[in-house]
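> Need the 3D shape of this:
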Amino acid sequence: QLVESGGGSVQTGDSLRLSCVMSGRFFGRYVMGWFRQSAGKEREFVATISWSGGSSNYGNSVKGRFTVSRENAKNTVYLQMNSLRPEDTAVYYCAAVYSMTGDYYTSAADEYRWWGQGTQVTVSP
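Coordinates of the predicted model:
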């Protein structure tokens, strides 16, 4: 089970940090991803991080503003979002997939096995 938190309503230029806690064991063997979906739009890849934490990737629209990280001892992945814009408004989901490879990560939503319920982020002009 994945549970996101940290969403809210902010203004342009503000920052938020989302958290996603995974229940169960072996979190340290799961690739984690963040996706978002806004009203009337398709789900969009935001960020992904390998289970080792040594490799990550970002969607073009968030590069340089968002940072993904993880604390395997806490079964938690984070998404630090800086310089937020109105177009970042969406429901943000975390996702997980087991991997045998420490440096593997993926931006493909259909590769993820587990999904959270999402947390709303609203950015006002």
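
> which residue ranges form the strands in the protein?
2-5, 8-11, 16-22, 30-37, 44-49, 56-58, 66-71, 76-81, 90-98, 114-115, 119-124 (DSSP state E).

> The third one - contacts with which helices or strands?
Read it as strand 16-22. Applying 3 or more C-beta pairs under 8 Å, 6 or more residues apart in numbering; DSSP states H and E, we find strand 16-22 packed against strand 2-5, strand 30-37, strand 76-81, strand 90-98, strand 119-124. C-beta: built from backbone N, CA, C; applies to glycine.

> List the strands paired with it, with their directions.
strand 2-5 (antiparallel), strand 76-81 (antiparallel) (DSSP bridges).

> residues making contact with the longest one?
Right, the one you point to is strand 76-81. 15-22, 32, 34, 46-47, 49, 62, 65-71, 88, 92, 94, 121 (C-beta atoms under 8 Å, 6 or more residues apart in numbering).
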